[in-house]
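J.: Got a sequence here, can you build the structure:
(one chain, ligands or ions: 1)
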Amino acid sequence: MTKEQIEERKEILKATISVPDILIRYGVQVKRGRCKAICHDGKNYTAKVSDELYYCFKCDLGMDIFDITMYFNNCDFWTAFELLGGTEKPSFTARVKANKAKRERSQRITKEREEKAKLRQIQSIITAYRGIIASSEPFSYVWCYCQNKLQYQIYLLEYYTEKRC
Ligand SMILES: [Zn+2]
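T.: Predicted coordinates for the structure are as follows:
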């Protein structure tokens, strides 16, 4: 297999097998996105589990499906890759699923970048209006105009900030 092929298979495996799937496979219970830490024999449900990652705050350790497989089988990456089915020919549906996941990831990144730029823009407009207000005569035409505009920009800032949380 070439490096590109391995990368593609990795994407496919990640898109078709989730971290909770793997944990359950090794007898680890997942409850509401959390499980008992496997890295330090945790007694409580403190480790965070998402589709893509297991994360333990105490050990500051993140594990994906390959790391978890390596951990439970005490094996190297290549063995884990094989155990997860990486060397088998992926089905058409698996490929489609992987491509979709990849596309969604890049769309999410683009959107976040756009929203950050928008926030920065609003903040600089607010700074500009505040500057004009501070240097103009209170209740003059310019002062009132900028106060009005400022309120709207503050509203926008709150709107975009809330949406991000
Ligand atoms: Zn831990």
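
J.: List, one by one, the residues from the chain near the ion.
T.: Remark: the part of the chain in contact with the ion comprises 37, 39-40, 56, 58-59, using CB under 5 Å from the ion. To be clear about C-beta, it is placed using only N, CA and C from the backbone, and glycine gets the same treatment.

J.: Tell me the most packed of those, by neighbour count.
T.: Neighbour tally across these (other CB atoms under 10 Å): the maximum, 22 neighbours, falls on Ala37.

J.: Now the residues of the chain next to the ion in a markdown table, please, with extra columns for secondary structure and pLDDT.
T.: Formatted as a markdown table, the entries for those read as follows, by DSSP: H, G, I helix; E, B strand; the rest coil; pLDDT from 0 to 100:
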| residue | secondary structure | pLDDT |
| --- | --- | --- |
| Ala37 | coil | 95 |
| Cys39 | coil | 93 |
| His40 | coil | 92 |
| Cys56 | strand | 96 |
| Lys58 | coil | 93 |
| Cys59 | coil | 94 |
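
J.: which two in these are spaced the farthest apart?
T.: Greatest spatial distance in the residues of the chain next to the ion: Cys39 and Lys58, 8.1 Å, computed using CB to CB.

J.: okay, now the domains of this protein?
T.: As assigned by automatic domain parsing, the chain contains the domains 3-90, 108-164.
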